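Q: no sequence for this one, just the structure:
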Ligand code: NAD
Ligand code: MG
């Protein structure tokens, strides 16, 4: 049963530790979560300063952000992009430019940093996110792939480092809000009977399997309620995202998939619910805008303005619920199975990242995504990774398997 022992690392006295401004690093600043985070931070210059922003190689976007926000540092994971960015900045710019993957780790663990927003997409975010955990930061976790791939390695780093791990994924943030912490900062899970994880159903809700075969990346990325990066948009369309979130909830709230029911709620107004033994069901509601969970992560246990428009229930009018269709969207079932296999979620995540990239690149059909994942789960033998090196080795093996499978599917399609 849910016991939420996995989040005992909440430091209640966050804003009581002096009056200093909190120094914030935003990993993945040019992305959807990164930009929403900058918007919230910008509303609260009296509480937060922007220490570092990072991106992969989008120089143009990063240049705009550096000029607008003037952070202390800007990191481009791609070294060539860092050189380009530095050459474009005016000589009097106060921002120092760094390049390379190690720089991401260094900024996430720098001693003067208080808060790290982990918003790099995919497994690429694991090392800097883990570094923030190991160095005891307030860690705002959007990068769910890092947690589900590294599992116990990630949670142990959080515990050992004394980090305050706060979920930013809207569903987990909602659960966290519905399982309130006591005055020692421990989530009080006594009496919790079930977690109800909501899913929008994505852009293809209601379609049969055969109606999914020819869908395009543009259709898959057109989410009805949320504006997100392309990878998570495809994950929402396949329901694989809900599988990642199931595993994420199991780690964060110390429970098993049996403790969690997935409920499709197409309006995305209720972000998740917690049912208690006495029959009470607590839900967190709000407009679908990631600035709400981001603001809560930044300010918890207080609340700050997020810039989100108030929820107008009369105009929402209706809240619908239905069961997920696991025949049309087998990715959720694959995740339910993978969670029970040691290392299974690491394999599933790696195969999915490769398959989604191939789908977005026109190399794989939409229904090929679950085919590639199922194949990797069958073929890649795994056990629970004990350290970062083992997580990375397992991730690489699963990626190689997925690449090979995609080549085979392409060859078969061409009739070779
Ligand atoms: P995005 O694609 O919009 O942005 C990704 C960011 O990561 C960009 O800044 C990019 O430059 C950076 N990045 C990409 N590859 C990188 C690499 N190899 N090395 C370093 N940096 C790299 O993605 P997003 O939608 O903002 O999602 C970010 C994370 O948050 C994902 O893990 C996603 O699952 C999670 N999340 C997103 C939302 C949402 O509403 N967008 C909601 C919940 C959770
Ligand atoms: Mg979510």
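A: Alright, I've got the coordinates. Just so we're clear, the structure is a prediction, and the values are computed from it rather than from any experiment. Ligands and ions are numbered 1, 2, ... in the order given.
Q: could you list the low-pLDDT ranges of the protein?
A: Residue ranges of the chain with pLDDT under 70: 1-19, 180-189, 415-416.
Q: and it, which of its residues are near ligand 2?
A: 169-171 (CB under 5 Å from the ion). Glycine gets a C-beta too; all of them are placed from N, C-alpha and C.
Q: how about JSON lines for those residues, with neighbour count and secondary structure added?
A: Below are the residues of the chain next to ligand 2 laid out as JSON lines (neighbours: other CB atoms under 10 Å; DSSP: H, G, I helix; E, B strand; the rest coil):
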{"residue": "169", "neighbour count": "26", "secondary structure": "coil"}
{"residue": "170", "neighbour count": "23", "secondary structure": "helix"}
{"residue": "171", "neighbour count": "27", "secondary structure": "helix"}
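Q: next, residue 297: secondary structure please.
A: Each residue gets one of three states, and residue 297 gets helix by DSSP: H, G, I helix; E, B strand; the rest coil.
Q: so it makes contact with residue 164?
A: No - between residue 297 and residue 164 there is no contact under CB atoms under 8 Å: 9.6 Å.
Q: identify the residue nearest the residue in the chain that ligand 1 sits nearest to in space, chain neighbours excluded?
A: Residue nearest to ligand 1 within the chain (CB to the nearest ligand atom): residue 31, separated by 1.9 Å. Excluding its sequence neighbours, the residue lying closest to residue 31 (CB to CB, 6 or more residues apart in numbering) is residue 229, at 5.3 Å.
Q: what of residue 356?
A: Setting aside the residues directly before and after it, residue 356 is nearest to residue 234 in space (CB to CB, 6+ apart), at 4.8 Å.
Q: and that neighbour, what helix or strand is that in?
A: Taking DSSP states H and E as the definition, residue 234 sits inside helix 230-238.
Q: next helix or strand past that helix?
A: Per DSSP H and E, the helix or strand that comes after helix 230-238 is helix 240-253.
Q: tell me which helix or strand comes right after that following helix.
A: Sequence-wise, the next helix or strand downstream of helix 240-253 (DSSP H and E) is strand 260-264.
Q: contact partners of that following strand?
A: Under the contact criterion CB atoms under 8 Å, 6 or more residues apart in numbering, strand 260-264 has outside partners 194-201, 205, 242, 246, 249-250, 273, 321-324, 332.
Q: which of the residues you listed count as buried?
A: Among the contacts of strand 260-264, those buried by neighbour count (16 or more other CB atoms under 10 Å) are 194-201, 205, 242, 246, 249-250, 273, 324, 332.
Q: and the gap between residue 244 and residue 25?
A: 23 Å (CB to CB, to the nearest Å).
Q: who has more neighbours out of these two?
A: Remark: of residue 244 and residue 25, residue 25 carries more neighbours, 28 against 24, as counted by other CB atoms under 10 Å.
Q: other SSEs contacting whichever strand or helix holds that one?
A: Secondary structure from DSSP H and E places residue 25 in strand 22-27. Based on contacts counted as 3 or more CB pairs under 8 Å, 6 or more residues apart in numbering; DSSP states H and E, the elements that strand 22-27 packs against are helix 32-42, strand 48-55, helix 101-109, strand 115-118, helix 126-134.
Q: how near is the closest residue to ligand 2 within the stretch 151-300 of the chain to residue 251?
A: Nearest to ligand 2, among the residues of the stretch 151-300 of the chain, is residue 169, at 4.2 Å (CB to the ion). To residue 251, residue 169 is 12 Å away according to CB to CB.
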